[in-house]
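Asks: test case, fold it:
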Amino acid sequence: MEQTTRFQRPVRRYTSRDSLYPLVVIVGPSASGKSDLALAVAERFGGEIINFDSVQVYRHFDIGSAKTPPAERRGVPHHLIDIVEPAAIFTAGDYAHLARKAIADVRARGRLPVMAGGTGLYLRAALQGLFQGPERDEMLRQRLEKRAASKPPGHLHRMLTRLDAASAGRIHAHDTPKLIRALEVCLRGRAPMSRQWEQNAERPLEGCEVIRIGLNPPRAMLYERIARRSGKMFASGLAEEVQRLLDQGISRQARPFGSLGYRQALQYREGRLSAQQAVEETAKLTRRYAKRQMTWFRREPGVEWFAGFGDDPAIAERVSGRLAERLAPYTGA
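Replies: Below you'll find the model as predicted:
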């Protein structure tokens with residue numbers, strides 16, 4: 001195996017072994033340093049990064065989605081970032097189609113695909129496939145949204161529990177978008193979503209050996225970092241970015257405006273939160289989201305967990321050592 005430093009791009013090509021090709025996946029909670037680790041891995045092993053964050057796919061939403069700026073990507077190709085207009089409807093199924101194409105393209109170049117992000121549903125869609133559920137019904141969705149707004153908290157979750165307890169058990173009671181989609185599938189498909197999944201699921205991704213790396217930093221340290229990052233986003237101009245997007249005519253109903261950070265920045269611009277409240281609310285809800293991410297990613301099979309942050313050189317070195325072993329058969333090393 002060739003000797004490299006962190007800033008040298010190795011000339012390396014990968015070949016299939018037993019019809020399999022290596023695919024590295026980096027998972028972990030928000031603010032755990034997944035992007036930093038993905039860059040380090042891609043640099044050291046000749047890789048290209050494939051994003052699976054559901055906000056980073058949208059153009060113009062930069063600060064709150066924590067995109068790595070182009071100037072800081074160190075020449076490493078990044079895929080599935082800035083590919084969708086803010087008003088577009090982009091589903092996990094759309095993502096899965098594009099992700100599988102990106103993986104195939106990177107493979108065709110003999111490079112190493114490195115997937116990194118925090119949206120577990122996108123990752124599952126790409127690796128395991130989704131089922132072809134009923135098409136969207138905007139009138140039904142509007143009725144469900146009105147119910148969610150007018151009824152006591154947890155109303156949609158209780159509805160879903162009656163229709164499909166298995167799906168309700170996998171969706172958080174406060175995750176309104178997922179609850180609405182699950183109810184839409186149950187009602188339009190006239191059967192529980194979990195049963196429809198079993199009957200109509202797509203085939204899993206084939207031809208890849210998936211090497212899963214997980215970041216699991218100490219919780220107290222992670223929460224401190226989440227608080228710092230929330231403050232930094234607003235200090236770096238998140239509220240101004242939101243106002244600029246509104247001035248460009250992007251609707252407040254655009255999906256990325258409902259994501260963490262952007263929702264609070266929008267409430268601040270509308271006078272519903274003070275600047276300090278917006279930062280604190282973002283941090284609080286991001287901590288909750290990080291817990292849900294870890295619950296989700298712990299269900300991923302075969303994850304090798306590392307107890308630290310991805311931007312810690314010691315963690316990056318440990319991960320690189322492990323990957324060198326796993327990737328050697330594909331390089332002839």
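
Asks: help me confirm that E48 is found in a helix?
Replies: No: the assignment for E48, made by DSSP: H, G, I helix; E, B strand; the rest coil, is strand rather than a helix.

Asks: contacts only, for it.
Replies: Residues in contact with E48 (Cβ atoms under 8 Å, 6 or more residues apart in numbering) are 42, 76-79, 106, 109, 111-114. (C-beta placed from N, C-alpha, C; glycine too.)

Asks: try Q277
Replies: Applying Cβ under 8 Å, 6+ apart, the residues near Q277 are Y268.

Asks: so it belongs to a helix, correct?
Replies: Yes: assigned with three-state DSSP, Q277 falls within a helix.

Asks: so how far is L98 from it?
Replies: Q277 is 37 Å from L98, where distance means Cβ to Cβ, to the nearest Å.

Asks: type out the PyMOL command that picks the buried ones from the contacts of E48.
Replies: Here is the PyMOL selection string for the buried members of those, based on 16 or more other Cβ atoms under 10 Å:
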select buried, resi 42+76+78+79+106+111+112+113+114
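
Asks: from the contacts of E48, which land in strands?
Replies: Using DSSP state E, the subset of the contacts of E48 located in strands is 78-79, 112-114.

Asks: hmm, who's touching stretch 61-80?
Replies: Against stretch 61-80 from outside (Cβ under 8 Å, 6+ apart): 7, 9, 35, 39, 42-43, 47-53, 55-58, 81-82, 86, 95, 98-99, 102, 106, 229, 233, 236-238, 241-242, 245, 256, 259-262, 265.

Asks: buried ones among these?
Replies: For those, a burial check counting by 16+ other Cβ under 10 Å picks out 35, 39, 42-43, 47-53, 55-58, 81-82, 86, 95, 98-99, 102, 106, 229, 233, 238, 241-242, 245, 256, 259-262, 265.

Asks: mind listing what's buried along stretch 217-224?
Replies: Buried, per 16+ other Cβ under 10 Å, within stretch 217-224: 217, 222-223.

Asks: C-alpha coordinates for that stretch, PDB please?
Replies: Output in PDB follows, covering the C-alpha atoms of stretch 217-224 (Å, rounded to 0.1, in the frame of the first residue of the first chain):
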ATOM      1  CA  PRO A 217     -18.600  10.700  20.800                       C
ATOM      2  CA  PRO A 218     -19.300  11.100  24.500                       C
ATOM      3  CA  ARG A 219     -22.800  12.500  24.900                       C
ATOM      4  CA  ALA A 220     -21.800  15.500  27.100                       C
ATOM      5  CA  MET A 221     -19.100  16.500  24.700                       C
ATOM      6  CA  LEU A 222     -21.500  16.100  21.700                       C
ATOM      7  CA  TYR A 223     -24.100  18.300  23.400                       C
ATOM      8  CA  GLU A 224     -21.400  21.000  24.000                       C
END
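
Asks: how about the helices of the stretch 51-200 of the chain, start to end?
Replies: Using DSSP state H, counting those that start in this stretch, the helices assigned to the stretch 51-200 of the chain run over residues 92-108, 120-128, 138-150, 155-163, 165-168, 176-189, 193-200.

Asks: K284 is nearest to which of the ones you listed?
Replies: helix 176-189 (17.7 Å; Cβ to Cβ).

Asks: quick one, that closest one and helix 138-150 angle?
Replies: Computed by axes from the mean of the first three to the mean of the last three Cα atoms, to 10 degrees, the angle separating helix 176-189 from helix 138-150 equals 130 degrees.
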